[in-house]
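>>> Kindly return the folded structure for what I paste below:
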Amino acid sequence: MKISILIFLLFLAIQTVLSWKKEEFRNCNQTPFCKRARSRKPGSCNLIAQDVTISHGELTAKLLPKIPQGQDQDQAKPLILSISVYQNGIMRLKIDEDASPKKRFEVSDVIISEFESKKLWLQRVSDERSDGDADLSSVVFLSDGYEAVLRHDPFEVYVRGEQGNRRIVSLNSNGLFDFEQLRDKKEGEDWEESFRGHTDTRPYGPQSVSFDVSFYGSDFVYGIPEHATSFALKPTRGPGVEESEPYRLFNLDVFEYIHDSPFGLYGSIPFMVSHGKSGKSSGFFWLNAAEMQIDVLASGWDAEPQISMPTSQSRIDTFWMSEAGIVDVFFFVGPGPKDVIRQYTSVTGTPSMPQLFATAYHQCRWNYRDEEDVENVDLKFDENDIPYDVLWLDIEHTDGKRYFTWDKLLFPHPEEMQRKLAAKGRHMVTIVDPHIKRDESFSLHKEATQKGYYVKDASGKDFDGWCWPGSSSYPDMVNPEIRTWWGEKFFYENYVGSTPSLYIWNDMNEPSVFNGPEVTMPRDALHLGTVESRELHNAYGYYFHMATADGLVKREDGKDRPFVLSRAFFAGSQRYGAVWTGDNTADWDQLRVSVSMILTLGLTAVTFSGADVGGFFGNPEPELLVRWYQLGAYYPFFRAHAHQDTKRREPWLFGQRNMELIRDAIRGRYMWLPYFYTLFREANVSGVPVVRPLWMEFPTDEATFSNDEAFMVGNSLLVQGVYTERAKYASVYLPGKESWYDIRTGTAYEGGTTHKLEVSEDSIPAFQRAGTILPRKDRFRRSSTQMVHDPYTLVIALNSSQTAEGELYLDDGKSFDFKQGAYIQRHFVFSNGQLTSSNIVPTRGESSFSTDCIIERIILLGHLPGPKIALIEPGNQKAEIEMGPLRLGEHAGPAAVTIRKPGVRIADDWTIKIL
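Numbering: from 1, shown residues only. Next up is the predicted model:
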């Protein structure tokens, strides 16, 4: 036993000093299903659709191999196909075996229950001949202007629009579809696979599924996180492409990952979005939690070498390969980028509404040593007038890596520690990972063992792997009963030392297994008794995240929203909390790639995301750290975090000037919190992300399509990072025909052009879009909770028509009462020299919310000085107009036209007219 512990400790020591080595992970050639699929040639699929009919509101058919005349087809095993259609232009295609030795796994609890109620029951199918086919195609209605088509021979499925003249998304247009049906093992056949000393027994043999998907009218494709690579996905095969791996989707604990790589990281969402010059978008989602590999194919990939084939309609071909599962795919017709996101989130759910504190700044480190360290860090933030909302504790706070416990020497009074933070409106987060220490004296392990709640190994015994505690086992989170049991562990009587201000961090939930193949669980491990890990691997962390979030909701009797951060994720994770981009590194390239990663997560509905500010590994130079804070202040999830082997890096440890710069960046986040909170509500309602690509707001502007250095915060702010050291200038492309106003100086810049701008250490370029109105809070407090009753500032950025509009959403920042109508949502419009505030809450619900907050300043950008008085109605009151600072405090900046102290309540209807 002592020898095994020494080996384990040596492994951990090596882990802390060595960077990622790609040879520890399989590439496509070392992954038999990927290698087989990639070797297939276009047109190799010989399946045809037969027995096409309407059944239970769906189009159904059998897929059988095309047998030459005279041969017997009775021996062929058919595949069963069904097509169903749903409101708002969504088509679902399922293909599975008719009969097999083992039922294939279908991912549960990802599709929201409301989705099925939107199904349109098909009543009839029409037949037509198209594309010169001798055989028929079956056509069904999808939505106004769109149809779904099943081509019989050769088998192909696509959606089309505009009176049938334009294809949108298709499957098997290149004839690459393949479905390896489960079968009995033949005598002498060897199904085992080995990699780096690990053997996968593969008791059910080959079972992979692969097919091509084409996006028409497209110039770029995006999505399928998680990869540290460009936002617009680069081709991985075809002319002009150097040897490349497919984009891998396989949740792994990747230590110190590299940038610009298609290698899969901690989470997987098999959802891709296309976009083209027409300004139209489409999407495709495969509900499958097995390992997936996806090729983006360069133009001419299917031509003879050195020959480029012309195409009549621009399109991007992709090739999707999975080790197991069924075909359960969704086609989204758009046509706009936001339409695609709404369609996708109508299937998997919109992002949950976070508590207000969670949208503010988080301070984290592996590890704050003890209660004294926590108290000192907290006091230092106050001494330096730096706001923060959450202090985090990593694994060292526990009793020997036993989760739900506290180290009694280092943290003897956890409840008192949390209450001290809560008195300032602050919160604490502790880490709870899925690996449970195998220790008979640990009650959690003892109970899980007795109840049979652990994942099993291939022999049926409790799986035993190595992680932070040493020998560990993992709850079978796929089982709803076990998820309920796990959630109850967060109740106060079970998590002794926890308080209502304590929330949770789920790390290592890919799951990470230090001595496992590719640092994870073996593929032949068993869930639910018979389901192999290979079939659901990518969803394990999702179920763990779900169980934790549900537990926190039940802890508060369903009254308060949970906060749970997860490293692993899958489609649907947006419903349960935040994610972050994992173990990044303190270098400039990682700062840059964080933008593409967060944009990609937002595009796939996981909008509450961020990267470790400063980089988890390494020691950032002060300039890099400052630039990271300046960019990170605009991440949806804003947290600084660092490895235990790095130097301490709290903001005051880098000299007075750097501390001031970091403080200014953090204060900037608090200033914009009303806007961020409004955007989180927009995401909660529509799925549209908080941080979004430029082309989502300017869909026909080709200059935005591959820009992943700048991003939009909502529809009103554009942020451009600074990604090189000692930068003097930044090139900033400002899209659209209207002007953009520098948020620090109020200077107007022309839209539709690239500006070479001087940059200083003070800030990164950020602009407010002309024609928008943004809410701010300009008084700096210790935490967001202490800002609740502070007055608002409205910043009106006038366009060429001297008009602007915007919104503000607010609720109690904590409970679920907003679901019963307890919120305020205001619509601001400036036109003809008059600002109007109106209510856009449709009807008052069961609950209500009120506030006495007022507006203390209204800033007008693009309005010429001159008028001195504004008239406020109702009440016939007057307010002064003067030149006032753009920002309050030490960095006030230039003056702008300002209506001072209008004193109107934020919740009321009113007008303010400039006289």
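>>> only C-alpha atoms for contact and neighbour calcs from this point on.
Noted.
>>> which residue is nearest the centroid of the chain?
Taking Cα atoms, centre = their mean as the criterion, V606 is the residue nearest the geometric centre of the chain, at 2.4 Å.
>>> Do a quick rundown of the helices in the stretch 451-600 of the chain.
Chain-ordered helices for the stretch 451-600 of the chain, with DSSP state H, counting those that start in this stretch as the definition, fall at 480-488, 533-536, 540-555, 588-603.
>>> Tell me which of those helices sits nearest to L297.
When the helices of the stretch 451-600 of the chain are compared for distance to L297 using Cα to Cα, the nearest one is helix 588-603, at 19.4 Å.
>>> Quick one: list the elements packing against that closest one.
In this structure, helix 588-603 packs against strand 220-223, strand 609-610, strand 691-692, strand 710-713, with contacts taken as 3 or more Cα pairs under 8 Å, 6 or more residues apart in numbering; DSSP states H and E.
>>> Show me what the third one is in contact with.
If I follow you right, that is strand 691-692. Counting by Cα atoms under 8 Å, 6 or more residues apart in numbering, strand 691-692 makes contact with 598-599, 602-603, 607, 635-636, 711-714, all of which sit outside it.
>>> Next SSE downstream of it?
The C-terminal neighbour of strand 691-692 among helices and strands, as given by DSSP states H and E, is helix 694-697.
>>> helices or strands next to that following helix in the packing?
strand 710-713.
>>> Can you give the distance from the following helix or strand past the strand it packs on to the centre of its chain?
Sequence order places strand 717-720 as the next helix or strand after strand 710-713, per DSSP H and E. Taking Cα atoms, centre = their mean, to the nearest Å, one finds strand 717-720 lying 19 Å from the centre of the chain it belongs to.
>>> Going by neighbour count, which residues in strand 717-720 are buried?
Of the residues in strand 717-720, those scored as buried under the neighbour-count criterion (16 or more other Cα atoms under 10 Å) are 717-720.
>>> which among the contacts of strand 691-692 gets closest to W320?
Nearest to W320 among those, counting by Cα to Cα, is L603 at 19.2 Å.
>>> Pretty sure the closest one sits against G223.
Yes - L603 sits in contact with G223 when judged by Cα atoms under 8 Å, with a separation of 6.5 Å.
>>> Neighbour count: those two, which is higher?
Set side by side, L603 and G223 show unequal neighbour counts under other Cα atoms under 10 Å, the larger going to L603 at 30 against 25.
>>> gap between the more buried one and R402?
Going from L603 to R402 by Cα to Cα, to the nearest Å gives 36 Å.
>>> list the buried ones in the stretch of helix or strand E805 belongs to?
Counting by DSSP H and E, the element that carries E805 is strand 804-810. Buried residues in strand 804-810, counted by 16+ other Cα under 10 Å: 804-810.
>>> repeat for stretch 153-169
By neighbour count with 16+ other Cα under 10 Å, stretch 153-169 contains the buried residues 153-161, 167-169.
>>> Going by distance to A896, which of those residues wins?
For those, the closest approach to A896 (Cα to Cα) belongs to I168, at 48.2 Å.
>>> The closest one: which element?
According to DSSP H and E, I168 maps onto strand 166-171.
>>> Can you name the residues in contact with that strand?
Residues from elsewhere that reach strand 166-171, judged by Cα under 8 Å, 6+ apart: 156-161, 211-217, 282-284, 331, 333.
>>> Restricted to strands, list those.
Among the contacts of strand 166-171, the ones falling in strands (DSSP state E) are 156-161, 211-216, 282-284, 331.
>>> tell me the two of the buried residues of strand 717-720 that are most distant?
Greatest spatial distance in these: L717 and Q720, 10.1 Å, computed using Cα to Cα.
>>> Give me the common contacts of these two.
A766.
>>> burial of S498, as a residue count?
Burial of S498, expressed as a neighbour count using other Cα under 10 Å, amounts to 22.
>>> Help me confirm that it comes into contact with P414.
Yes - using Cα under 8 Å, S498 is in contact with P414, at 7.2 Å.
>>> what comes into contact with stretch 32-43?
Contacts of stretch 32-43 (Cα under 8 Å, 6+ apart): 28-29, 174-176, 178, 206, 208, 210, 293, 302, 321-323.
>>> again with stretch 579-594
Counting by Cα under 8 Å, 6+ apart, residues outside stretch 579-594 touching it are 228-230, 254-257, 259-260, 266, 565-569, 597-598, 606, 608-612, 614-620, 624, 628, 637, 709, 721, 723-725.
>>> same thing with stretch 787-794?
For stretch 787-794, the surrounding residues in contact (Cα under 8 Å, 6+ apart) are 773-781, 851-859, 906.
>>> again, 7 Å this time
The contact list for stretch 787-794, computed with Cα atoms under 7 Å, 6 or more residues apart in numbering, reads 773-778, 781, 853-859.
>>> Using JSON lines, lay out those residues together with neighbour count, distance to S194 and secondary structure.
Below are the contacts of stretch 787-794 laid out as JSON lines (neighbours: other Cα atoms under 10 Å; distance: Cα to Cα, whole Å; DSSP: H, G, I helix; E, B strand; the rest coil):
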{"residue": "I773", "neighbour count": "28", "distance to S194": "60", "secondary structure": "strand"}
{"residue": "L774", "neighbour count": "23", "distance to S194": "57", "secondary structure": "strand"}
{"residue": "P775", "neighbour count": "24", "distance to S194": "58", "secondary structure": "strand"}
{"residue": "R776", "neighbour count": "22", "distance to S194": "58", "secondary structure": "strand"}
{"residue": "K777", "neighbour count": "24", "distance to S194": "59", "secondary structure": "coil"}
{"residue": "D778", "neighbour count": "21", "distance to S194": "60", "secondary structure": "coil"}
{"residue": "R781", "neighbour count": "19", "distance to S194": "58", "secondary structure": "coil"}
{"residue": "C853", "neighbour count": "16", "distance to S194": "65", "secondary structure": "coil"}
{"residue": "I854", "neighbour count": "19", "distance to S194": "67", "secondary structure": "strand"}
{"residue": "I855", "neighbour count": "20", "distance to S194": "66", "secondary structure": "strand"}
{"residue": "E856", "neighbour count": "20", "distance to S194": "68", "secondary structure": "strand"}
{"residue": "R857", "neighbour count": "23", "distance to S194": "67", "secondary structure": "strand"}
{"residue": "I858", "neighbour count": "23", "distance to S194": "67", "secondary structure": "strand"}
{"residue": "I859", "neighbour count": "26", "distance to S194": "66", "secondary structure": "strand"}
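>>> Near E750, how many other residues are there?
16.
>>> P775 is in contact with P674, isn't it?
Yes - at 6.0 Å, P775 and P674 qualify as touching, with contact defined as Cα atoms under 7 Å.
>>> Which two of the contacts of stretch 787-794 have the greatest separation?
For those, with distances taken as Cα to Cα, the pair at the greatest spread is I773 and R781 (23.8 Å).
>>> Report the separation between the two terminal residues of stretch 359-368.
End-to-end for stretch 359-368, by Cα to Cα: 22 Å.
>>> average pLDDT for that stretch?
Along stretch 359-368, the predicted confidence averages to a pLDDT of 97.
>>> which residues touch that stretch?
Surrounding stretch 359-368, the residues in contact under the criterion Cα under 7 Å, 6+ apart are 374, 388-394, 396, 636-644, 670, 784.
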